[in-house]
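In: Quick one, what's the 3D model for this:
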Amino acid sequence: MVAALVPGSFDPPTNGHLDVIERCANLFDRVLVAVVRNPTKAPMFTSEERIAMLEACTHEWRNVEIGAFSGLLVDYAEQEDMDVIVKGLRAMTDFDYEFQMSQMNRHLSGIVTLFVATKAEYGYLSSSLVKQVAGLGGAIDKLVPPLVAAAIEERVSND
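Out: Numbers count the residues shown, from 1 in each chain. Purely as a prediction, here's the structure:
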């Protein structure tokens, strides 16, 4: 059984995130999507809210589970008995950063990172852009799942 760890902030989960998760669900026996708890950032959604959104969006893939962590990714990967880390890449700028991180993770623990290129239609998509578009009143219904769009619109209207 091969287990893959798909980490990220997922603030909010986008259609690009779900594309990578779905492809992992088709490739690996076990997929753990891990929400990073970063106390230095002020996310739009709490880690619990992001976990709930991801659980709702991935419930059809029986081999996908959702978790959360803080601290070193490699420590969490070891704790959860993960074989590989999977990272989605949109552009070369993503690759530069993620390649450096993969080398550090390999140095720290020996774990391998696999890179999955996003589909072309998601190459521009980021959680930050989704929040920016929503904050300025733009349509986000084609960028995120409906339940995520509703949560963002509610959050934006309350701010």
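
In: Touching the helix or strand that contains I21 from outside, list them.
Out: In this assignment (DSSP states H and E), I21 forms part of helix 15-27. Defining contact as Cβ atoms under 8 Å, 6 or more residues apart in numbering, one finds that helix 15-27 is touched by 4, 6, 8, 10, 31, 33, 57-58, 61, 63-64, 86, 88, 90, 116, 118-119, 122, 125-126, 142-145. For every residue, glycine as well, the C-beta is placed using N, CA and C.

In: Among those residues, name the buried ones.
Out: For the contacts of helix 15-27, a neighbour count by 16 or more other Cβ atoms under 10 Å gives the buried set as 4, 6, 8, 10, 31, 33, 57-58, 61, 63-64, 86, 88, 90, 116, 118, 122, 125, 143-145.

In: Contacts for whichever strand or helix holds M104, please.
Out: Here M104, judged by DSSP H and E, is contained in helix 92-109. Here helix 92-109 makes contact (Cβ under 8 Å, 6+ apart) with 72-75, 77-78, 85, 87-89, 111-113, 115.

In: Just the ones of the contacts of helix 15-27 in strands?
Out: Residues of the contacts of helix 15-27 located in strands (DSSP state E): 4, 6, 8, 31, 33, 64, 86, 88, 116.

In: Of the residues you listed, which is the nearest to N158?
Out: Set against N158, the nearest of the ones in strands among the contacts of helix 15-27 by Cβ to Cβ is G8 (24.6 Å).

In: and the closest one, what does it touch?
Out: By Cβ under 8 Å, 6+ apart, the residues touching G8 are 17, 33-36.
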